[in-house]
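K.L.:
have a look at this prediction, sequence included:
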Amino acid sequence: MESFPQQIYKGLQNMSASMFVGLCKKVGTSQEVAIRRESQDIRDMVERRVTPDDGIIMMMSGSRREGFDLKGSDLDYMYWYNNHRVIMDMSQSEYYNTANKTLILSDSSESSPGFTLLQLLTPSRYREIRSSCVRMNGRVYISSSIYRQLTCSAVHPNSTVHGPCGSGVRAGVEYDTAVCFVSDFRPLSACSWIDRCHSWPDPEVVDDIVRNGCHLVAIGHPLGPHENEEWRISFSRAEYKLVYSMSHCQFLTYGLLKLFLKEVLNQQSEETNKLLCSYHMKTTVFWAIQQNTLPHWCPQNLLAGFWICFKLLLKWVYKGICPNFFIPQNNMFLTKVYGSAQNRLFLQLHELYKKGLACLLQSPSIRSYIIDVLYNPRLSICTDESMIRSEVDFDILISSIQSTVPVPAAIGSLYQITKAIHMIEQFVESPMTHHQVVIIQRFTALILQSTSFLLIQNIHTNTGVNKQMYIADKLSCHILKLAAKFGCVSDMLFIAMYYYKTLRYREALSVIEMTKFKLAQPYIMYELYVDRESYIEAVGGQSWSTKIRQAVALDITLYNYNKICYISELIPEQQSALQNRKSALFVPVFVMLHFLEFLCYRQIDTTLSQAALDELQVLVHHDRGLYISAIYRDICWEILGICQQMTGDIQAALYSYQHSLTQDPFHCIQTATQRRIQDIVQSTQHQ
């Protein structure tokens, strides 16, 4: 671009700056992206530390793990057995105790680059693995095709096979789940990558990537001699670490390429719209950065970076070669971009290339950033990120991340909870960013809430001794009050829940009234809704920890692990969800408020109990997404039906249960709903 006349070059710089600002709004500022990444990193760290040796590790991968949150992005997760390890040669077996680790040997001697066979060296206790074993040349190998079929729906029922994953749609969002194997080592074929890392990434990133090994996902090379038995070597963890090491301008260039692929390249023709994918775009950025084609990436030359990547992609399509970044011998175009389809794709890309940067005008979501500058060449563009997003915008992001902080499935016993609390202590003593502090704060509140209900439940189940029950009760109350002190406003409802569970209805109502008062404040942030002016006036400029305690409300999460009972009236729903591998029930805060109010007043004042039910009915019948998310409507109609059935209004209860069945089955509670309907029908027949 340096060869352009000065005036045009200046215009291109301005256009690039405009694109940078636009992409910051669409993709995220560097701070927003850092918040998304760090929150997920904390979750992964927690997951790894508390999962027992015989447990299953879950890791988010894909674009969301990299820091994107683009509309239409799917959710990608990888799962693997913690007590299984793949080794690259027999000498590595000395690092493991085979009494508690199942060893698998990677054998790539007959496979194409990037693929391998997996030989089972020591017995596995898992049926899916044993059932996937095939015998070849007197050795036992794990067949990727059999394993893929057996594990396709292991995470989400009724998934369909998509590449190495189980795929489907939940709550309107597409997902891909890969049940795979992990290796602490890298294959020999990927070692040359280390020698290329002179300028990028930094040595500490290279060391981190090497230390973290790789994964093996269940899909073979279509042209390989053992397609049904082979596994693909996956560098998902290495890739997101590489993306983390990009500058924000490089990351936005990658984001621009993803949008360009979706809105321009894949709209050219039916014949070519499945040939290129986001992974190819990421690979071009990796190579462009490492080859140092653009010495200085900054907002003013973002479009220059995009053009370099586009030209590299064009060259690859022309040659029919897309070299994997870690194993260049693995040509990722080999089975897709060849023959007439390759020629057609090249011609389409070349037509776009001839248009120059004007080809970006075909993208509906980004064309305005170019047009603004074309109409006003002297437009002054401010690329200061602090001017792009307001304080409230960041706080909404923090709030939304708070609402998705999970308690890992491994934390289902008091022993695991003790491990988790010890881990929290270690976090607190180590340096953390502001974002990480908030995530740990939320995680701690969730752990304490689970501890309280699990503690009292265990004492009731295993003893019955009054003194022990008294001590456990005191401790549980104290723990819940502690959780509420650094949790969010809605966490107070767990105290009310506990009081209801232990028959202290007036105390529960006192907490409910206090919570109701706090939730009625004009500055409360709930989900994505907030009165910005009131919010800033009340808590503007304060720490995120303070804001969460004073001004943020979240939905109530009732975990199904270890059969924790929060509210006895919801036991059938928890059981139904658990049978379908659903980890929790998510109840909108205002629904839970009215539900608890109804339950408590039923024991004290039937008039006030009916008033609470009336408020709940108005909310469930007439809310249009402000207080009840569409994916939570199944549990909301269910709760309304439960209340109506308790008052004897059978027809209204039937109506509510039937409505629950017509909603998005997000919570998988249909079994409980159908049983409740059946009970009503049978009871009316006997009358």
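P.N.:
Thanks, I have the structure now.
K.L.:
C-alpha only now, for contacts and for neighbours.
P.N.:
Will do.
K.L.:
with just CA atoms, put the longest strand anywhere in the chain into PDB.
P.N.:
Longest strand in the chain, counting residues (DSSP state E): strand 173-183. Backbone C-alpha positions of strand 173-183 (Å, rounded to 0.1, in the frame of the first residue of the first chain) are rendered in PDB as follows:
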ATOM      1  CA  VAL A 173     -27.500 -22.100  19.600                       C
ATOM      2  CA  GLU A 174     -25.600 -24.700  17.500                       C
ATOM      3  CA  TYR A 175     -23.100 -26.800  19.400                       C
ATOM      4  CA  ASP A 176     -20.300 -29.200  18.600                       C
ATOM      5  CA  THR A 177     -19.000 -31.600  21.200                       C
ATOM      6  CA  ALA A 178     -15.900 -33.700  20.600                       C
ATOM      7  CA  VAL A 179     -15.200 -36.600  23.000                       C
ATOM      8  CA  CYS A 180     -11.500 -37.100  22.400                       C
ATOM      9  CA  PHE A 181      -8.200 -38.200  24.000                       C
ATOM     10  CA  VAL A 182      -5.400 -36.000  25.400                       C
ATOM     11  CA  SER A 183      -1.700 -36.200  25.100                       C
END
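K.L.:
so which elements touch it?
P.N.:
strand 75-81, strand 84-87, strand 165-170, strand 214-217 (3 or more CA pairs under 8 Å, 6 or more residues apart in numbering; DSSP states H and E).
K.L.:
what packs against whatever helix or strand Ile42 lives in?
P.N.:
Per DSSP states H and E: Ile42 is located in helix 30-50. With contacts defined as 3+ CA pairs under 8 Å, 6+ apart, helix 30-50 has these neighbours: strand 56-61, helix 62-66, helix 391-402, helix 414-429, helix 434-462.
K.L.:
how about a cut-off of 10 Å?
P.N.:
helix 6-26, strand 56-61, helix 62-66, helix 236-244, helix 248-263, helix 391-402, helix 414-429, helix 434-462 (3 or more CA pairs under 10 Å, 6 or more residues apart in numbering; DSSP states H and E).
K.L.:
now for these, which one comes closest to Phe517?
P.N.:
helix 391-402 (20.3 Å; CA to CA).
K.L.:
between the closest one and helix 434-462, how many degrees?
P.N.:
Inter-element angle recorded for helix 391-402 and helix 434-462: 30 degrees (by axes from the mean of the first three to the mean of the last three CA atoms, to 10 degrees).
K.L.:
buried ones in helix 391-402?
P.N.:
Neighbour counts over helix 391-402 (16 or more other CA atoms under 10 Å) mark Val392, Phe394, Asp395, Ile396, Ile398, Ser399, Ile401, Gln402 as buried.
K.L.:
I figured the second one hits Ile35, correct?
P.N.:
Which is Phe394. Yes. Between Phe394 and Ile35 there is a contact under CA atoms under 10 Å: 9.1 Å.
K.L.:
which neighbours do those two share?
P.N.:
Thr29 (CA atoms under 10 Å, 6 or more residues apart in numbering).
K.L.:
return the residues in contact with Ile556.
P.N.:
Ile556 sits in contact with 403, 490-491, 493-494, 584-593, where contact means CA under 10 Å, 6+ apart.
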